[in-house]
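Undergrad: Fold the following and give me the result.
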Amino acid sequence: MASLRDIKTRINSTQKTKQITKAMHMVSASKLSKAEEFAKAFDPYSDKIKEVVNSIAGSGQDAEHPMLQTREVKKTAYFVITADRGLAGAFNSGILREVYRTIQEKHQSKDEYAVIAVGRMGRDFFRKRDIPVLKEITGLSDQPNFADIKDLTSEAVQLFIDEEIDELVIFYNHFVSAISQKVTSKKLLPLTDLQEEASGTKSTYEYEPNQQEILDVLLPQYAESLIFGALLDSKASEHASRMTAMKSATDNADELIDDLSLQYNRARQAAITQEITEIVGGAAALE
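TA: Numbering: from 1, shown residues only. Next up, the predicted model:
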């Protein structure tokens, strides 16, 4: 049986851990609120640029652009968004497991795929498994600005335009609620769903100088906005997942403290009983 000192040490250690996890839970809750505001503030821009691009694509004229052309897929790039830190439940492991499974199932050679990694956890995961990483970025803030990843998104789009890759697929955690996040994959390039979605566009536009030149400018911006929107969504999911994980850790610490306190009281009671027995026994022997 553990000594009273050992049990007391474990209780003190668990109480300190509880204080840390409780503080991290409160911080993550605050960050989640801000991340949701950032994501919602970006929605109007995302919706409007999508509406304009759909309007051009569904105007009845033949829209031509490399980003709209489907070609034989010889190489796929996976744009994977993870966190820089752990302690976020299954936030990182879930998405990395899904990406790794997809690569194993679809590809036979390393020449057929590459990864663009956002977040230290994802970058380290792929490097350890010798998976080629084309581009990477780490150290993003909890409320990133578009300027933080503009170079990376532009480079990713340009890789497709230059035909260095034939397909760009993004993996990220979609924010459903504070207690639910869903691993999501979406094909970003080529943009094959614009014609289908254009039928729902009601606004009409007049274009200067012409639709094709505007399309040449807007399509890269549209693809970049999809990536940035996914990043904001992923950040909200990260904070929600970490908040839930720290709440669970705090609850577990409470249960452990209760169990240890019960053990401590029983051991103390046993020790006191033993001392009384010894004293009574000693007194009886003297008589």
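Undergrad: which residues in this protein form strands?
TA: Assigned by DSSP state E, the strands in the chain fall at 76-81, 113-118, 133-137, 167-177, 180-189.
Undergrad: closest to T70 out of the ones you listed?
TA: Comparison of those against T70 by CB to CB identifies strand 167-177 as nearest, at 9.0 Å. Placement of C-beta: from N, CA and C, glycine included.
Undergrad: re the thing from before, how about the strands of the chain in TSV, adding mean neighbour count, mean pLDDT and distance to L4?
TA: Converted to TSV, the strands of the chain look like this (neighbours: other CB atoms under 10 Å; pLDDT from 0 to 100; distance: least, CB to CB, whole Å):
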stretch	mean neighbour count	mean pLDDT	distance to L4
strand 76-81	24	96	49
strand 113-118	24	96	50
strand 133-137	17	94	52
strand 167-177	20	94	45
strand 180-189	18	93	44
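Undergrad: Distance to I149 added to those strands, as CSV?
TA: As requested, the strands of the chain are exported to CSV (distance: least, CB to CB, whole Å):
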stretch, distance to I149
strand 76-81, 10
strand 113-118, 7
strand 133-137, 6
strand 167-177, 12
strand 180-189, 14
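Undergrad: Any idea which of those strands gets closest to R5?
TA: Among the strands of the chain, strand 180-189 sits nearest to R5 (CB to CB), with 42.9 Å.
Undergrad: distance between that closest one and the chain's centre?
TA: 11 Å (CA atoms, centre = their mean, to the nearest Å).
Undergrad: can you check stretch 39-56 too?
TA: Relative to its parent chain, stretch 39-56 has a centroid offset of 23 Å by CA atoms, centre = their mean.
Undergrad: Now do the same for it: mean pLDDT, whole number.
TA: The average pLDDT within stretch 39-56 is 85.
Undergrad: coming back round to it: the strands of the chain: which one's closest to S248?
TA: strand 180-189 (14.3 Å).
Undergrad: and the angle for the closest one with strand 167-177?
TA: Orientation check (axes from the mean of the first three to the mean of the last three CA atoms, to 10 degrees): strand 180-189 against strand 167-177 gives 160 degrees.
Undergrad: neighbouring strands for strand 180-189, and are they parallel or not?
TA: strand 167-177 (antiparallel) (DSSP bridges).
Undergrad: for the longest helix seen in the chain, packing partners?
TA: Secondary structure assigned by DSSP state H gives helix 211-286 as the longest helix of the chain. Helix 211-286 sits against helix 4-57, strand 76-81, helix 91-106, helix 146-161, strand 167-177, strand 180-189, with contacts defined as 3 or more CB pairs under 8 Å, 6 or more residues apart in numbering; DSSP states H and E.
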